[in-house]
Structures are given as C-alpha cells and as structure tokens.
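In: One predicted model, sequence on top.
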Amino acid sequence: MNATFDIAAAFAQRGSVKDCDYFLKQGGILAKVLRSSAASARVVTQIAQLRSRMRCHEDVAEKLGEASTALVLVSLRPQLEPD
C-alpha cells in the first residue's frame, strides 16, 4: 500500500497528474478490498491534495468530506466490535 502512495507522490512531484491519479485510484481499490477506512481516508486525502493543485476546489471539499467520514469510522471501530 505504501508503495502505491510513494509512486503516486513521485508522479505528482513530476507533474504527471494522469499517472498520479491512476495510482491513487489503484490505492482506493486496494483500500476497499482490504476494508480499511484509514487507507481509504489516506487515498481520498491525497486525491484532494491533487485536486487542490489543479484548482478544482469543489472536488477538494467533497473529497475532504469523504476522508472525514472514513476517519470517523476508524475512530468508532473499536467501540463497534464486540468483546
């Protein structure tokens, strides 16, 4: 998972938005398969950062809302699991 984020960050730094977006989407798919809310939040936050660089502010607000929801699920998970 970290390798996917590292590759996406490398492409973002090089200015290759299309490739960065591709690897972030792959990370999102992996996060869903793993059912990891924390990983999903990380993916969505990275996508929001990419959209911010592209000046797509409506998308940024939406993605940050998704990340916030995912993080709330992470914080509630220990409370939801039975002992």
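Out: Received, thanks. Numbers count the residues shown, from 1 in each chain.
In: In the chain, where is pLDDT below threshold?
Out: 54, 56-58, 60-61, 73-74, 76-83 (pLDDT under 70).
In: Okay, helices next: where are they in it?
Out: For the chain, the helices defined by DSSP state H occupy 2-14, 17-34, 37-53, 57-80.
In: Would you reformat the ones you listed as CSV and include mean neighbour count?
Out: (Glycine included, C-beta is placed from N, CA and C.) CSV is the format used below for the helices of the chain (neighbours: other CB atoms under 10 Å):
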stretch, mean neighbour count
helix 2-14, 15
helix 17-34, 16
helix 37-53, 20
helix 57-80, 13
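In: Could you pull up the residues touching Gln26?
Out: Counting by CB atoms under 8 Å, 6 or more residues apart in numbering, Gln26 makes contact with Thr4.
In: State the distance from the residue nearest the centre of the chain to Gly15.
Out: By CA atoms, centre = their mean, the chain has its centre lying nearest to Val43, at 1.2 Å. Distance, Val43 to Gly15, by CB to CB, to the nearest Å: 20 Å.
In: With just CA atoms, put stretch 12-31 into PDB.
Out: This file holds the C-alpha atoms of stretch 12-31, laid out as PDB (Å, rounded to 0.1, in the frame of the first residue of the first chain):
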ATOM      1  CA  ALA A  12       2.600  14.200  -8.600                       C
ATOM      2  CA  GLN A  13       6.000  15.800  -8.000                       C
ATOM      3  CA  ARG A  14       6.900  15.300 -11.600                       C
ATOM      4  CA  GLY A  15       3.700  16.900 -12.600                       C
ATOM      5  CA  SER A  16       2.100  13.900 -14.200                       C
ATOM      6  CA  VAL A  17      -1.400  14.300 -12.900                       C
ATOM      7  CA  LYS A  18      -2.900  11.500 -15.000                       C
ATOM      8  CA  ASP A  19      -0.400   8.900 -13.700                       C
ATOM      9  CA  CYS A  20      -0.700  10.100 -10.100                       C
ATOM     10  CA  ASP A  21      -4.500   9.900 -10.300                       C
ATOM     11  CA  TYR A  22      -4.200   6.300 -11.700                       C
ATOM     12  CA  PHE A  23      -2.100   5.100  -8.800                       C
ATOM     13  CA  LEU A  24      -4.300   6.900  -6.300                       C
ATOM     14  CA  LYS A  25      -7.400   5.100  -7.800                       C
ATOM     15  CA  GLN A  26      -5.500   1.800  -7.500                       C
ATOM     16  CA  GLY A  27      -4.800   2.600  -3.900                       C
ATOM     17  CA  GLY A  28      -8.500   3.300  -3.400                       C
ATOM     18  CA  ILE A  29      -9.400  -0.100  -4.900                       C
ATOM     19  CA  LEU A  30      -6.900  -1.800  -2.600                       C
ATOM     20  CA  ALA A  31      -8.300   0.000   0.400                       C
END
